[in-house]
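# For reference, the sequence and a predicted model appear below.
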Amino acid sequence: MAEDLKVVVFKLADEEYGIEVDKVQTIERMMPITRVPKTYSFIKGVINLRGIVVPVMDLNGRFGLPETETTDQTRIIIVNAHEMEVGFIVDSASDVIDMNEESIEEAPEMVGGIKAKYLRGVAKIGDSRLLIMLNLAEVLNRSEIIQLEQLEV
Amino acid sequence: MDLNQYLSMFLDEANDHLQALNEHMMELENQPEDVSIVQVIFRSAHTLKGMSATMGFEDLASLTHEMENVLDLVRNNQLAMDGFIFDTLFKSLDALEGMVSDIANGGDGKADVSAIVKSLQSIVSGDHKKQEQVAAIEAEVVTEQNTDERLDEFQRSIIEQSVEAGMTAAYINITLREDCVLKAARAYMVFQALGEMGEVVKTSPPAHDIEQEKFDKGFSIFYVTTESEEQVRKAVANVSEVEQVELQVLTLEVLKDWNARIEEVQAGKSEVAATAATAGTATAEGTDATAKQAAKATDGQAAKNAGAAAQAKPSQNRTIRVDIERLDVLMNLISEMLIDRVRLEEIASEVKKSELTETVEHLVRVSGDLQSIVLKLRMVPIDVVFNRFPRMVRDLAKTLDKKVDFVISGADTELDRTVIDEIGDPLVHLLRNSLDHGVESIAERRATGKPETGTVQLRAYQSGNHVFIEIEDDGKGINRDIVLNKAIKNNVVTPEKAATMTDEQVYQLLFASGFSTAEVVSDISGRGVGLDVVKSKISALGGHVVVNSKLGQGTTFVVQLPLTLSILSAMLFRLGDEKYAIPLTSIVETGLVQRENIRRVHGGIRMIDYRDSVIPLLSLSALFECPSYSDFDEEEVEIIIIRKGDRIAALAVDDFIGQNEIVLKPLGNYLKSVPGVSGATILGDGQVALIVDPNALLK
């Protein structure tokens, strides 16, 4: 019996993505970000989240997608998983929906330009809506980034 | 020295240790084979002993010392736990608890523990098994003998005075139910209930025996109170498993011929007791004397308590222990409030209404004070820990017959409360170690041409994000060969490996569990518990300890502790529109340098003249790839001279903001290490500023 899930839905470019609600701590509006030098380019810096310093990353940048302009709709989703607290900058976050684990299907090789290993799968919601579920463990995995950086050097 | 200010700390710690001891003893009772639990118990007892000795509570220290002896045998598998040992150890714990609570109530923590000490010693000498049966007879005899309800001169005068002062005096006879399991506990509850309303003058059998359940079904109490007879009766009857309460109000007349009446009743009984006593062995007689002594001690205690009640009880620093986590929450809440405060200030300046402005100004002041108080709550000068050491060192030096000069410096160094709480024990161990093993005896020192008086230095200082505590002696140093031989003997290392070890590695062996170089077990150190406790404690605090030693010249233990979540004084500065902080401790000075005074040497490295030398000028804006500022275009560059050890450099910055107290916060798990940045802080306006790590820049 597959479990029921509550999922936070957000947008990057024109695709809709989902993160399990229990991994999400809060969703914040855009706020001042302090730049941190000498780190990955997609790390936009750190914010003051009610007294706790939290790093934020541009999720577009993390997946190697072109970064988008900040708008009124831009949100920072604070996730807390794998003993890390990180903010994701996304183009908008609108919805929390219920779905069933069964409806998640394995992701094809590339979805919206994102490698499959960052994805948990793709869920079909209703008739025409596709929701891309993120694999947080991989998104927050640093060792792979370090390898990449070394390759580039 | 006035130890009063450390009393509350001692009590807190002592209670914690007793609690831990009790818990682990229970655990051990379930798994008597588990030596690791014995280790834990042993350490707690050892620390408790050290603390008590430092505070001058001799009886506490001596009892724990005896417990240690027993536990030492157990942990070395020379003794198997059995019921009698458990009982004795538990009794010892109860006695310790009694002493500690006596101290808490303003007493001097003295108690007669010779009976328990005797049992403990008999365990060590191995003849407790023989004595067990004797003890059983003894106990009986003791019970009979101690049912002494006569009042001595002193007790009678206390009761008489109380009655004259209009208080109610009563003789209460309490009988517990036949099936009552925890008689001592019930008795304790009765005392507790009575203690709330008045004073217990005398008990029969003596409190000492009641605590150890050396009574049959009931016991009696002489009691003075301001409450009515009825209330006393009710209070006692409310304790469960009390079967019967007989209460006789003592008037002056009754008191007068009290003793005579009791003696009549007793005459019959004592004959029986006498026959029993002759039947007892020689040991029984010894215990008998002890019991009498105990009775005397308890009486004295009761009298003293009565006296103390009349005067004011000695004041004890009233503190409460607050979970550090709650402080963190409080701190975060205040940071949040500060953000709103800044916003309010803005609104007030826009609205320009004097009432609003005044209120906001007041709010700003109050919240500023609030913030600084909360920050200071966590920080404690290390003085609190250091101050109890001179006395300890003096006493130790006396015991060891050594002459020692003890020098403390940097006692005003502030440390996080968490660290302060924990660092006391390890430092005690290290100091004891230095005195015992480091500094030589007077004769030895004379023979090696050193001054008779040795020197032990205790230093604390902050450097960057760490606090260092150093304990240095000018003693004989660590003998590598002795350490290695011992380590090989104890199977800590193999002889092959030992040959290849560096001095540092050899010194680290001292911290291995169960390692001790002293041949004789002394009261001070030499069981090998000291140093491994030190190491695990310090590691638990996120620090580490290193040893430097020169044979014949002395040893230095360096304890390095991190300054996590602590406040540091920092210089805030700007690079374009970005704000940064740099710890004041690494700053030598700040200044200005003209463009024409900057020299370029090969490879584009810039140097400036500083005093008599030439030092490199580092561009922070270039290092941090700052988008909005570059010092290369400036006519006049603000510089911060930083130093680490003997390395000095100048940092070019845009503008100074000022000096401030900041709270160090980590960048979060995701950004574990960023080169040149040691952390972040949240400024008054809610923005995050990064803290520059000068040590990394100077590498």
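Thanks, I have the structure now. Residues are numbered from 1 along each chain as shown, chains lettered A, B, ... in the order given.

# Any idea what residue B:587 is bridged to?
Residue B:587 has these beta-bridge partners by DSSP bridges: residue B:642.

# residues in contact with it?
When contacts are counted by CB atoms under 8 Å, 6 or more residues apart in numbering or on different chains, residue B:587 touches B:571, B:640-643, B:694. To be clear about C-beta, it is placed using only N, CA and C from the backbone, and glycine gets the same treatment.

# Tell me how far it lies from residue B:643.
Computed as CB to CB, to the nearest Å, the residue B:587 to residue B:643 distance reads 8 Å.

# Name the residues contacting each of those two.
Joint contacts of residue B:587 and residue B:643 (CB under 8 Å, 6+ apart) are residue B:694.

# For chain A, state which of the contacts of residue B:587 is nearest.
The shortest approach to chain A among the contacts of residue B:587 belongs to residue B:694, at 15.2 Å (CB to the nearest CB).

# The closest one is in contact with residue B:581, isn't it?
No: look at residue B:694 against residue B:581 with CB atoms under 8 Å: they stay out of range, at 11.1 Å.

# who has more neighbours, these two?
For the pair residue B:694 and residue B:581, the greater number of neighbours falls to residue B:581 (25 against 22), based on other CB atoms under 10 Å in any protein chain shown.

# Could you find the closest non-adjacent residue to the more buried one?
residue B:570 (4.1 Å; CB to CB, 6 or more residues apart in numbering or on different chains).

# can I assume that neighbour sits in a helix?
No: under DSSP: H, G, I helix; E, B strand; the rest coil, residue B:570 sits outside any helix and is assigned strand.

# who's it bridged to?
The partner list for residue B:570 in beta bridges (DSSP bridges) reads residue B:583, residue B:660.

# do residue B:618 as well
In this structure, residue B:618 bridges to residue B:651 when assessed by DSSP bridges.

# contacting residues for it?
For residue B:618, the residues meeting the contact criterion (CB under 8 Å, 6+ apart) are B:649-652, B:697.

# how near is it to residue B:690?
16 Å.

# What are the boundaries of the helices in chain A?
Listed from the start of the chain, chain A has helices (DSSP state H) covering A:59-62, A:136-139, A:143-152.

# Once you drop chain neighbours, what's closest to the residue of chain A found nearest chain B?
Here chain A gets closest to chain B at one residue, residue A:51, 3.2 Å apart by CB to the nearest CB. If the residues on either side of it in the chain are set aside, residue A:51 comes closest to residue B:332, at 3.2 Å by CB to CB, 6+ apart.

# hang on, isn't the one you found packed against residue A:50?
Yes: applying CB under 8 Å as the test, residue B:332 and residue A:50 come out as touching, 5.8 Å apart.

# To what extent is residue B:646 buried, counted in neighbours?
By other CB under 10 Å, 5 other residues sit near residue B:646.

# Also residue B:107?
For residue B:107, which is what you asked about, the neighbour count (other CB under 10 Å) is 19.

# and it, helix, strand or coil?
coil.

# swap in residue B:188?
Counting by three-state DSSP, the backbone at residue B:188 sits in helix.

# ok, it to residue B:203 distance?
From residue B:188 over to residue B:203 (counting by CB to CB), the distance is 12 Å.

# Looking at those two, which has the bigger crowd around it?
When residue B:188 and residue B:203 are compared on other CB under 10 Å, the one with more neighbours turns out to be residue B:203, at 27 against 18.

# which residue packs closest to the more buried one, ignoring adjacent ones?
Closest residue to residue B:203 in three dimensions, ignoring its sequence neighbours and counting by CB to CB, 6+ apart: residue B:221, at 5.1 Å.

# Select from the contacts of residue B:618 the entry with the lowest predicted confidence.
For these, the least confident position by pLDDT is residue B:697, scoring 82.

# sorry, back to before: what about the residue nearest to residue B:203, how many neighbours?
Using other CB under 10 Å, residue B:221 has 23 neighbouring residues.

# Show me the beta-bridge partners of it.
Note on residue B:221: beta-bridge partners by DSSP bridges are residue B:172, residue B:203.

# looking only at pLDDT, what's the mean for stretch B:606-626?
The pLDDT scores in stretch B:606-626 average 88.

# actually stretch A:108-126, sorry about that
75.

# per-residue confidence for residue 2?
Just going to use chain A. 65.

# My question was about chain B, not that one.
The confidence metric pLDDT takes the value 56 at residue B:2.

# Next: residue B:391.
Model confidence at residue B:391, given as pLDDT, is 78.

# Please apply the same query to residue B:285.
Spelled out, the predicted local distance difference test score at residue B:285 is 45.

# can you tell me which residues contact the residue of chain B found nearest chain A?
Taking CB to the nearest CB as the measure, the point where chain B comes nearest chain A is residue B:332, at 3.2 Å. Listed by CB under 8 Å, 6+ apart, the contact set of residue B:332 reads A:50-52.

# Try it again at 10 Å.
The contact partners of residue B:332, by CB atoms under 10 Å, 6 or more residues apart in numbering or on different chains, come to A:49-52, B:374, B:682.

# One more: residue B:633?
So, once contact is read as CB under 10 Å, 6+ apart, residue B:633 ends up touching residue B:595.

# and stretch B:367-382, average pLDDT?
Averaging pLDDT along stretch B:367-382 yields 78.

# The residue of chain B most remote from its centre and residue B:608: what is the separation?
Relative to the C-alpha centroid of chain B, counting by CA atoms, centre = their mean, residue B:596 is the outermost residue, at 58.8 Å. As defined by CB to CB, residue B:596 lies at a distance of 11 Å from residue B:608.

# Would you mind giving the contacts of residue B:587 as JSON lines with pLDDT and distance to residue B:556 added?
What follows is these, written out as JSON lines (pLDDT from 0 to 100; distance: CB to CB, whole Å):
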{"residue": "B:571", "pLDDT": "90", "distance to residue B:556": "32"}
{"residue": "B:640", "pLDDT": "92", "distance to residue B:556": "32"}
{"residue": "B:641", "pLDDT": "92", "distance to residue B:556": "29"}
{"residue": "B:642", "pLDDT": "90", "distance to residue B:556": "26"}
{"residue": "B:643", "pLDDT": "82", "distance to residue B:556": "22"}
{"residue": "B:694", "pLDDT": "83", "distance to residue B:556": "25"}
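
# Quickly name whichever of these is closest to residue A:125.
residue B:694 (53.3 Å; CB to CB).

# pretty sure the closest one contacts residue B:678?
Yes: under the contact definition of CB atoms under 10 Å, residue B:694 touches residue B:678, with a separation of 8.7 Å.

# For residue B:160, I want the exact helix or strand it lies within.
helix B:153-164 (DSSP states H and E).

# How about stretch A:80-90, which residues are buried there?
The neighbour-count check on stretch A:80-90 (16 or more other CB atoms under 10 Å in any protein chain shown) flags A:81, A:84-90 as buried.

# Make JSON lines out of the residues you listed and add pLDDT and distance to chain B.
Putting the buried residues of stretch A:80-90 into JSON lines (pLDDT from 0 to 100; distance: CB to the nearest CB, whole Å) gives the following:
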{"residue": "A:81", "pLDDT": "83", "distance to chain B": "11"}
{"residue": "A:84", "pLDDT": "86", "distance to chain B": "4"}
{"residue": "A:85", "pLDDT": "89", "distance to chain B": "6"}
{"residue": "A:86", "pLDDT": "92", "distance to chain B": "5"}
{"residue": "A:87", "pLDDT": "93", "distance to chain B": "9"}
{"residue": "A:88", "pLDDT": "93", "distance to chain B": "11"}
{"residue": "A:89", "pLDDT": "93", "distance to chain B": "14"}
{"residue": "A:90", "pLDDT": "92", "distance to chain B": "17"}
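
# where does chain A come near chain B, residue by residue?
In this structure, chain A approaches chain B at residues A:31-40, A:43, A:45-57, A:82-87, A:140, A:142, judged by CB under 10 Å from any CB of the partner chain.

# Can you say which helix or strand has residue B:350 in it?
helix B:324-351.
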